[in-house]
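S.K.: This is a predicted model, with the sequence first.
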Amino acid sequence: MSTAPLAFLKGHGTENDFVIVPDPDNAVDLSAALVARVCDRRAGIGGDGVLHAVRSAAHPEARHMADEAEWFMDYRNADGSIAEMCGNGVRVFARYLEHAGLVAAGDVAVATRGGVKRVHLAKNGDVTVSMGRAVLPEAGVTVTVEDRSWPARNVNMGNPHAVAFVEDLAHAGSLSTEPLYAPAAVYPDGVNIEFVVDRGPRHVAMRVHERGAAETRSCGTGACAVAVAAARRDGVDPAATGTPVTYTVDVLGGTLVITELPDGQIEMTGPAVIVAEGRIDPAWLSETAV
Ligand SMILES: N[C@@H](CCC[C@H](N)C(=O)O)C(=O)O
């Protein structure tokens, strides 16, 4: 482990918060242990995950996207595990690239493990990302919290989700531990679990237990999964009608607006903010190496 100070920024999208580690040349040894320490809310900086900002050309998982997107969002969950995609993360990542002067304001392409995502930074502070298409495998699971169980819809947004419609968000309990789900084999790599209630026509609210991070105050891929699951439950499919459909999804940290287009592409809009910049103490950093 290098003993040089490590630059970081802190940002959030609807209070899904991230530590951004700029590392253009992929020179930082970002071990799972270091990510977990950095994300620790008492002993570290605190965050739901890390956005490791690397030039696509410098990262073996992103080199093939370098012609389309100069920057790769190497996403890590708070426990140090790797995830395919992070919807709020990619919006905050684009905000960081603009803030750092690494891209022109407006339209930005970001490489992720889920492919290249196109992001639009609007002048009013909103950030819209084209998330790609949802995949809805037939096999779902039953989700259980204490003495209540619900069937959950399986939605893949590049990463796995189980969406359960519940009567009351309080029924999800404290979400300090992962809810039970069965059969577990449906999600061999784990799953993000959303609990959803109706708020009005095409308007829902959710809580989420994120794989690798416990309950977070927002999850962008989760909000997209919820919007698609709610639309299908409501008998709405833009591919069949040729008309886009928009759902408003309230999360604990704000509101996301999700539109599914007739070709299946999903667009998500919400705020993305850079809060702070700093340097991690090299002495603290070197403790992770022992
Ligand atoms: N908060 C994210 C999702 C982050 C990854 C997730 N925990 C996983 O392991 O799949 C979002 O905004 O999408």
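M.R.: Yep, that arrived. Numbering: from 1, shown residues only.
S.K.: interface residues of the protein facing the ligand?
M.R.: 16, 48-49, 77, 83, 86-89, 159, 192, 210-213, 216, 219-222 (C-beta under 6 Å from any ligand atom). All C-beta spots, glycine's among them, are computed from the backbone N, C-alpha and C.
S.K.: For the closest residue to G115 other than its chain neighbours, which three-state class applies?
M.R.: Closest residue to G115 in three dimensions, ignoring its sequence neighbours and counting by C-beta to C-beta, 6 or more residues apart in numbering: G132, at 6.6 Å. Using DSSP: H, G, I helix; E, B strand; the rest coil, the structure places G132 in strand.
S.K.: so what's the residue nearest the centre of the chain up against?
M.R.: Closest residue to the average C-alpha location of the chain: C86 at 2.6 Å, with C-alpha atoms, centre = their mean. C86 makes contacts with 18, 49, 51, 73, 75, 112, 159, 220-221, as judged by C-beta atoms under 8 Å, 6 or more residues apart in numbering.
S.K.: will you turn the residues you listed into CSV that also has secondary structure?
M.R.: Shown next, in CSV, are these (three-state DSSP):
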residue, secondary structure
F18, strand
G49, strand
L51, strand
M73, strand
Y75, strand
T112, strand
N159, coil
G220, helix
T221, helix
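S.K.: all helices of the stretch 101-250 of the chain, in order?
M.R.: For the stretch 101-250 of the chain, the helices defined by DSSP state H, counting those that start in this stretch cover 220-233, 238-241.
S.K.: ranking these by burial, who's on top?
M.R.: helix 220-233 (a mean of 26; mean count of other C-beta atoms under 10 Å).
S.K.: Just the mean pLDDT for that helix, thanks.
M.R.: Helix 220-233 carries an average pLDDT of 98.
S.K.: same deal with stretch 119-130?
M.R.: In this model, stretch 119-130 has a mean pLDDT of 96.
S.K.: Counting neighbours, which bits of it end up buried?
M.R.: Residues of stretch 119-130 classed as buried: 119-121, 127-130 (neighbour count, 16 or more other C-beta atoms under 10 Å).
S.K.: ok, now stretch 91-103?
M.R.: Quick answer for stretch 91-103 (16+ other C-beta under 10 Å): 91-99, 103.
S.K.: now swap in stretch 246-256 and tell me
M.R.: 247-256.
S.K.: With stretch 262-281 instead?
M.R.: 265-274, 280.
S.K.: if you look at the residues you listed, which of them are in strands?
M.R.: 265-271, 273-274, 280 (DSSP state E).
S.K.: Check those against the ligand and report the nearest one.
M.R.: M268 (8.9 Å; C-beta to the nearest ligand atom).
S.K.: The closest one: what's it in contact with?
M.R.: 87, 91, 128-129, 131, 220, 223-224, 256-258.
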